[in-house]
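> fold the following, please.
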Amino acid sequence: MLRLNRVLALSPTLLALACGGGGSNDGGRTDSLSETGVSSGITDSASTTNSTTTSSSGDGDGDPSGDGDGDPATTTATTSEGGEPKWDLGGIPDAAMNCDNLGPGDETKSYIWIANSSQSTVSKINTITLVEEARYETRATPGNPSRTSVSLSGDAAVANRSGGVVKFYSNVEDCDEMANGQPGLQTSAGANDILPFGQDDCMAWYTPFDYTTQRPLAWGAGEFNEGTCTWDNAPLWSAGNIGNAEVVYMDGETGIVQETVMIPNVVGWAGLYGGAVDGEGNFWTVDHNWNGPSTLIRVNVDDFTYDTWPVTGQVHYGLAVDSEGRAWLCGNGGASRFDPQTETWTHLAPANAGNALGGCMEDGEGILWTSRYPDAMLIGIDTDTVQLVQQIAIPSYVHGVSIDFEGNVWGVEFSGDEAFRVNPETEQIDTVGGLVGAYTYSDMTGFALSAAGTPSG
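The predicted structure is shown next:
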């Protein structure tokens, strides 16, 4: 039995990716738009403690060890006929009787959202047709966006490194035709049709944050409404630095911050870096320290307390939660898995995984996908055995990795102009071009949230 079938039995979160309605539109736009190989076998115990801009040098994220990205060239999308979808899911458990045509692969919901960091925009790309259907500005002034997150209703949020979070409706029918004050729907129709910030009717809201850096971003599931076949009251988590680090818990319908959790003693020039939500709705993040140990942090949604564990191994970038509720870190020096039940780490050494410098995500068969740096290679790691099980050569190095609802693995170039869709069974590669300083390695399709497992501890 495929691993995804077990995931679905835990939570029917794939429903919303095929429901036609998406999230409800309550006119919640905020009033102000102003800017204020082999496993190493190493297991460690861990203790708990309680508006276009030009591309800059470096890796596109301001990292001091960046290698530069050059000037991205604009290309067109290329496609080819692929194999059949990877998973035969059959019926979706626990589906409401009035939710018709449920299942992954509905073109109205199959999108990947990729930030064009140097352009201060985000691209909405259909994962089936490979067509970029819209491009939106993410801030009134250049915001340097990097992380995107997709809710179970298909809507996208984008965090700007320079501060500020914005939400866009995925389904055009959810957009407010009077949001910008003009009758009729005004919205982007593609990569070359970008409306000024605040003028696109598919922008739901924008919340400014006066942060020196804002990176982590992750939707929570919310509550499934069987009457409307939608997910309601979905929260949104983010984090940033303003002297000290803080995690914010936001109302996903309005963008209003409902809770703020201060996290002292965060180390590293970039503060909190990755973000992911587990099956219980808790938020996981990690600080980023080039010159010393890092800390894994879980903010508990029930009472907004937090737990911390010292990270063993090397510096890490990407963060994911697998279908068993275990946290994964991927970065310089391989990949590491943390089990919250036993509070232990298991590592895949760099000799096997290479220098995985970007993001990572588990697919529906229990394989965690990441990229090897500086190789042009996707690597698959078995999440149970922590062993390298597959390697796929791709046209260029990718920093961001995501999974779509057809079982394909996506890679986003390192501050480049292309993204690749890879079928892990046939190893066929399709290319989407025309991006500008692309840089995203978060849950840019919504698949990770849909498959998140409940932690066992």
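> quick one, helices of the stretch 301-450 of the chain?
Under the criterion DSSP state H, counting those that start in this stretch, helices of the stretch 301-450 of the chain are mapped to 350-353, 447-451.
> lowest mean pLDDT across the ones you listed, which one is that?
Least confident of the helices of the stretch 301-450 of the chain, judged by mean pLDDT, is helix 350-353 with a mean of 64.
> check contacts around the spatially closest residue to residue 251 that is not a sequence neighbour.
Nearest non-adjacent residue to residue 251, counting by C-beta to C-beta, 6 or more residues apart in numbering: residue 258, 5.7 Å away. Where C-beta positions appear, they are placed from N, C-alpha and C, glycine not excepted. By C-beta atoms under 8 Å, 6 or more residues apart in numbering, the residues touching residue 258 are 235, 249, 250, 251.
> hmm, 7 Å instead?
249, 250, 251 (C-beta atoms under 7 Å, 6 or more residues apart in numbering).
> before we move on, what's the pLDDT of it?
Reported pLDDT for residue 258: 98.
> one more: residue 226?
89.
> pLDDT weak spots in this protein?
1-109, 290-292, 314-316, 332-333, 350-357, 454, 456-457 (pLDDT under 70).
> most remote residue from the middle of it, which is it?
residue 183 (33.7 Å; C-alpha atoms, centre = their mean).
> gap between that residue and residue 201?
11 Å (C-beta to C-beta, to the nearest Å).
> residue 259 now?
30 Å.
> compare the two and say which is more crowded by neighbours.
Neighbour comparison, residue 259 and residue 201: the larger count goes to residue 201, with 22 against 14 (by other C-beta atoms under 10 Å).
> contacts only, for that one.
Per C-beta under 7 Å, 6+ apart, neighbours of residue 201: 175, 176, 177, 179, 180, 185, 186, 187.
> what do you get if the cut-off is 10 Å, keeping everything else the same?
29, 169, 172, 175-182, 184-188, 195 (C-beta atoms under 10 Å, 6 or more residues apart in numbering).
> count of neighbours near the nearest residue to residue 300 once chain neighbours are set aside?
In space, residue 300 comes closest to residue 282 once its chain neighbours are excluded; the distance is 5.4 Å by C-beta to C-beta, 6+ apart. Other residues within reach of residue 282, judged by other C-beta under 10 Å, total 23.
> so residue 282 sits against residue 275, correct?
No: at 11.4 Å, residue 282 does not count as touching residue 275 under the criterion of C-beta atoms under 10 Å.
> identify the contacts common to those two.
The contact lists of residue 282 and residue 275 share 237, 299, where a contact means C-beta under 10 Å, 6+ apart.
> gap between stretch 412-424 and the chain center?
14 Å (C-alpha atoms, centre = their mean, to the nearest Å).
> in that stretch, which residues are buried?
By 16 or more other C-beta atoms under 10 Å, the buried positions in stretch 412-424 come out as 412-424.
> distance to residue 375 added to those residues, as TSV?
Output for these, formatted as TSV (distance: C-beta to C-beta, whole Å):
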residue	distance to residue 375
412	16
413	14
414	12
415	17
416	15
417	20
418	16
419	18
420	14
421	19
422	15
423	20
424	17
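> quickly list what residue 157 is bridged to.
Applying DSSP bridges to residue 157 yields these beta-bridge partners: residue 149, residue 167.
> check contacts around it.
113, 122, 147-151, 165-168, 204-205, 207, 217-219, 234, 236-238, 250, 252, 255, 442.
> which of the buried residues of stretch 412-424 fall within strands?
For the buried residues of stretch 412-424, the ones inside strands are 412, 413, 419, 420, 421, 422, with DSSP state E as the criterion.
> so the second one touches residue 437, yeah?
Translated: residue 413. Yes: look at residue 413 against residue 437 with C-beta under 10 Å: they come within range, at 9.5 Å.
> what sits opposite residue 419 in the beta ladder?
Residues in beta-bridge contact with residue 419 (DSSP bridges): residue 412, residue 432.
> from residue 197, how far out is it?
Taking C-beta to C-beta, one finds residue 419 at 23 Å from residue 197.
> ends of stretch 366-377, how far apart?
19 Å (C-alpha to C-alpha, to the nearest Å).
> run the chain-centre distance for that stretch.
16 Å.
> now swap in stretch 380-392 and tell me
The answer for stretch 380-392 is 21 Å, by C-alpha atoms, centre = their mean.
> and stretch 269-276, by the same measure?
Taking the mean of its C-alpha atoms, stretch 269-276 sits 13 Å from the chain's own mean (C-alpha atoms, centre = their mean).
> CA atoms only for it - export them in CSV, please.
The C-alpha trace of stretch 269-276 is given here as CSV (Å, rounded to 0.1, in the frame of the first residue of the first chain):
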residue,chain,number,x,y,z
TRP,A,269,22.5,36.6,11.5
ALA,A,270,19.2,35.5,9.9
GLY,A,271,17.4,34.5,13.1
LEU,A,272,14.5,32.0,12.6
TYR,A,273,14.8,30.4,9.2
GLY,A,274,12.5,27.4,8.3
GLY,A,275,8.9,26.8,9.2
ALA,A,276,6.4,23.9,9.0
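> just the buried positions in that stretch, please.
Quick answer for stretch 269-276 (16+ other C-beta under 10 Å): 270, 271, 272, 273, 274, 275, 276.
> check which helix or strand covers the fifth one.
Under the criterion DSSP states H and E, the helix or strand holding residue 274 is strand 272-277.
> how about the CA coordinates for the very next helix or strand once past that strand, as CSV?
Next in sequence after strand 272-277, counting helices and strands by DSSP H and E, comes strand 283-287. Written as CSV, here are the backbone C-alpha positions of strand 283-287 (Å, rounded to 0.1, in the frame of the first residue of the first chain):
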residue,chain,number,x,y,z
PHE,A,283,4.6,25.3,14.4
TRP,A,284,8.2,24.1,14.0
THR,A,285,11.1,26.4,13.2
VAL,A,286,14.9,26.6,13.6
ASP,A,287,17.4,29.3,14.1
